[in-house]
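> With the sequence up front, the predicted model follows.
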Amino acid sequence: MEVQVKEVPIWQKSNLTLEEAAAYSGIGINKLRSMTDSDECKFVLWNGTKRLIKRRKLDEYLDTAFSI
């Protein structure tokens with residue numbers, strides 16, 4: 001019996017990996033990594049050593065940003 005695994009589209013996920021966030025936002029992985037290294041970054045979520053990007057907070061940040 002095969003188990004079907006459904007992929008959740010990126011725009012429906014609440015947290016994204018760096019790779020997913022880069023594809024979603026058009027911002028490079030290295031730039032996202034440097035942005036989320038800051039203690040003041042509001043859209044990063046640390047799960048141990050794994051870095052996740054809070055998609056809605058990233059959207060809010062990008063809506064108000066003039067440049068990155």
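Perfect, I can see it now.
> contacting residues around Arg55?
Contacts for Arg55 (Cβ atoms under 8 Å, 6 or more residues apart in numbering) come out as 10-11, 13-16, 21, 24. For the C-beta atoms, the positions are set from N, CA and C on the backbone; glycine is no exception.
> State the distance from it to Ala22.
12 Å (Cβ to Cβ, to the nearest Å).
> Now do the SS call for Leu45.
At Leu45 the chain is in strand, as set by DSSP: H, G, I helix; E, B strand; the rest coil.
> Name the residue closest to the centre of this protein, please.
Residue closest to the mean C-alpha point of the chain, counted by Cα atoms, centre = their mean, is Ile53 at 2.9 Å.
> Helix or strand for it, just tell me which one.
Counting by DSSP states H and E, the element that carries Ile53 is strand 50-54.
> Adjacent strands (with direction) for that strand?
strand 15-16 (antiparallel), strand 44-47 (antiparallel) (DSSP bridges).
> Next, the buried residues of the very next helix or strand once past that strand.
Downstream of strand 50-54, the next assigned helix or strand under DSSP H and E is helix 55-64. Within helix 55-64, the residues that count as buried by 16 or more other Cβ atoms under 10 Å are 55, 57-58, 61.
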